[in-house]
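Colleague: Sequence and predicted structure below; questions after.
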Amino acid sequence: MAKTATLAAPAVGAAPAAGKKSRLLLIVLVLLVVAAAGGGAAWWFLGRAHEAGEAKPAAAKPPVFHTLEPFTVNLAEENGDHYLQVAVVYELSDDKAVDKVKTYLPVIRNRILLLLSAKRPSELTGAEGKQKLVGELVAAARESIPGDTAQRGVTGAYLGAFVIQ
């Protein structure tokens, strides 16, 4: 019987130690669950607040183009007579800019004719010459339309056709 009592005594002493470890493990698990829940809640609410605070980008408006009637001009003399036939397409900011271009079309066409007829064939043969011409066409349209803004609704120009003969 003494053996049973001796065996029982360590078991009783071991139970409190195992109970403390279990309690500590349970507390750690509860803290981990609470921390995970708090982190998840913070992620959820901060993500929502960030989405609400962001200004959603406006849907991109399709570009507005206006094609001018083709131009045919004699170029400045250089090794004989040459002529240029070119079609110009303007990219405009909106429909109001289209109305402005239509209103000032005689002025725009005049400036373009004067610009083109002053060119030499050698100025227009390379890609750089054509790119420079496009910039000058944009400037001609912008200068023809009165207004406060530098662009005056003209955002770009494109060559629809280009023939030197």
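Modeller: Yep, that arrived.
Colleague: use CA for all of it now, contacts and neighbours both
Modeller: Will do.
Colleague: Quickly list what the residue nearest to Thr72 when sequence neighbours are not counted is bridged to.
Modeller: Using CA to CA, 6 or more residues apart in numbering and skipping residues adjacent in sequence, the residue nearest Thr72 is Gln85, 4.3 Å away. Beta-bridge partners for Gln85, by DSSP bridges, are Thr72, Val163.
Colleague: Tell me the secondary structure of the residue most central in space within the chain, please.
Modeller: For the chain, the residue lying nearest the average C-alpha position, counting by CA atoms, centre = their mean, turns out to be Ala60 (8.9 Å). What DSSP: H, G, I helix; E, B strand; the rest coil gives for Ala60 is coil.
Colleague: tell me the phi and psi of it?
Modeller: phi -60, psi 130 (degrees, to the nearest 10).
Colleague: quick one, strands of the chain?
Modeller: 64-67, 71-74, 83-92, 154-164 (DSSP state E).
Colleague: Just say which of these is most tucked in.
Modeller: Highest mean neighbour count of the strands of the chain: strand 83-92, a mean of 19 (counted as mean count of other CA atoms under 10 Å).
Colleague: so where's the chain shaky on pLDDT?
Modeller: 1-18, 48-58 (pLDDT under 70).
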